[in-house]
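A.B. asks: here is the input, now give the coordinates:
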Amino acid sequence: MTIYIKNETLELKFYKKESASNVMTNFRAAVTPKRYLISNIVGEIYRRRNCTTNDDDLNMALKDLKTQAINNGYPE
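C.D. replies: Next comes the predicted model:
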């Protein structure tokens with residue numbers, strides 16, 4: 001999470017290290033139950049929603065998550 005000042009208010013922004021892995025459990029090749037795969041996405045959405053305070057930062061974080069999920073075999 002990154003904290004910054006915008007229009008004299010503190011804002012929160014989702015932060016992910018450059019060295020962080022983009023690997024998630026692959027949706028197509030995983031042997032784990034579907035409920036765990038779905039829970040993985042729900043947890044990430046929840047985390048990104050609670051780490052942002054404005055819609056622009058949230059949309060950017062969710063766009064990044066969508067790209068990451070598609071790269072790991074999740075359906076669009």
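A.B. asks: for Asn59, pull up the helix or strand it's in.
C.D. replies: Under the criterion of DSSP states H and E, Asn59 resides in helix 55-71.
A.B. asks: quick one: mean pLDDT over that helix.
C.D. replies: The pLDDT scores in helix 55-71 average 94.
A.B. asks: pull the distance from whatever helix or strand Tyr46 lives in to the chain's centre.
C.D. replies: Per DSSP H and E: Tyr46 is located in helix 34-50. In terms of Cα atoms, centre = their mean, to the nearest Å, the centre of helix 34-50 is found 8 Å from the chain centre.
A.B. asks: ditto for stretch 28-41
C.D. replies: Using Cα atoms, centre = their mean, the offset of stretch 28-41 from its chain centre is 16 Å.
A.B. asks: contacts for that stretch, please.
C.D. replies: With contacts defined as Cβ atoms under 8 Å, 6 or more residues apart in numbering, stretch 28-41 is touched by Met24, Thr25, Phe27, Leu65, Ala69, Gly73, Tyr74. Where you see a C-beta, it was placed from the backbone N, CA and C, and this is true even at glycine.
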